[in-house]
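Trainee: Pasting a predicted model and its sequence here:
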Amino acid sequence: MGDSAQPRASHFEGDRSQPLINETIGDAFQAVVKLHGERIALVVRHQRVRWTYRELEGHVNDLAAGLLRTGLRPGDRIGIWAPNCVEWTVTQYATAKIGLVLVNLNSAYRAAEIKYALTKVGCKAVVFAHRYRETQYLDLLRSITPEIDSSQAGNLRAAAMPELRHLICITDESQSGVH
């Protein structure tokens with residue numbers, strides 16, 4: 001799963017009377033923005049967000065550019081570990097736009113489960129909520145990767161999760177070792 005990984009054709013079984021759509025989610029999103037840019041695209045009441053497709057596109061483009069600046073490349077896996085929030089939607093479209101594989105992680109995972117999931121699929125990055133209910137996600141990550149606090153953001157070298165390099169926390173608070 002190195003940087004040289006090339007996209008492969010998907011396997012398809014079933015009714016072949018209708019052709020598959022040869023369009024990516026990123027392409028479909030851009031087409032909707034072009035057609036309906038000023039219409040409401042996303043409402044997240046608990047975060048007081050109400051964005052048009054054009055506004056959502058701006059946030060998606062910003063995150064996509066930021067993810068590329070970290071060195072992530074098409075085919076790399078990136079986890080999303082958060083409850084429903086605006087950042088979840090932005091991450092979904094940003095990763096699709098630049099060809100990253102989004103790995104959905106259960107927001108109720110505990111330390112052993114998150115370690116297993118991130119390691120099993122070889123995530124190079126994880127976008128995570130600061131907390132969910134009483135769970136402090138960063139504290140859980142620190143319990144399995146104590147190297148976080150001595151690492152620079154984007155350069156995690158954790159024995160327990162050797163492919164994981166980038167921790168991206170959904171918060172305004174600065175944390176060592178975290179984007």
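Mentor: Received the coordinates, thanks.

Trainee: From now on I want contacts and neighbour counts done on CA atoms only, so please keep to that.
Mentor: Fine.

Trainee: okay, Ile168: pLDDT?
Mentor: Model confidence at Ile168, given as pLDDT, is 89.

Trainee: Could you export stretch 57-67 as PDB, keeping only the C-alpha atoms?
Mentor: Taking C-alpha atoms only, stretch 57-67 is exported to PDB below (Å, rounded to 0.1, in the frame of the first residue of the first chain):
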ATOM      1  CA  GLU A  57     -17.500  23.300  -2.200                       C
ATOM      2  CA  GLY A  58     -15.200  26.000  -0.700                       C
ATOM      3  CA  HIS A  59     -14.700  24.000   2.500                       C
ATOM      4  CA  VAL A  60     -14.300  20.800   0.600                       C
ATOM      5  CA  ASN A  61     -11.600  22.400  -1.600                       C
ATOM      6  CA  ASP A  62      -9.800  23.800   1.400                       C
ATOM      7  CA  LEU A  63      -9.600  20.500   3.100                       C
ATOM      8  CA  ALA A  64      -8.700  18.600  -0.100                       C
ATOM      9  CA  ALA A  65      -5.800  21.000  -0.600                       C
ATOM     10  CA  GLY A  66      -4.700  20.600   3.000                       C
ATOM     11  CA  LEU A  67      -4.800  16.900   2.800                       C
END
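
Trainee: which stretches of this protein have low pLDDT?
Mentor: For the chain, the stretches with pLDDT under 70 are 1-12, 172-179.

Trainee: all strands for it, in order.
Mentor: Per DSSP state E, the chain carries strands over the ranges 40-44, 49-52, 77-81, 101-104, 125-129, 131-132, 135-136, 166-170.

Trainee: Okay, now the sheet partners of the fifth one, with direction.
Mentor: Meaning strand 125-129. With DSSP bridges as the test, strand 125-129 is paired with strand 77-81 (parallel), strand 166-170 (parallel).

Trainee: Burial-wise, tell me which of those comes out on top.
Mentor: Neighbour counts (mean count of other Cα atoms under 10 Å) averaged over each of the strands paired with strand 125-129 peak at strand 77-81, with a mean of 24.

Trainee: contact partners of that strand?
Mentor: 88, 91, 100-107, 118, 121-129 (Cα atoms under 8 Å, 6 or more residues apart in numbering).

Trainee: List only buried entries from those.
Mentor: The neighbour count (16 or more other Cα atoms under 10 Å) marks 88, 91, 100-103, 105, 107, 118, 122-129 as buried among the contacts of strand 77-81.

Trainee: quick check: angle from the helix ranked longest in the chain to strand 40-44?
Mentor: Determined from DSSP state H, the single longest helix within the chain is helix 53-69. Here the directions of helix 53-69 and strand 40-44 differ by 70 degrees (axes from the mean of the first three to the mean of the last three Cα atoms, to 10 degrees).
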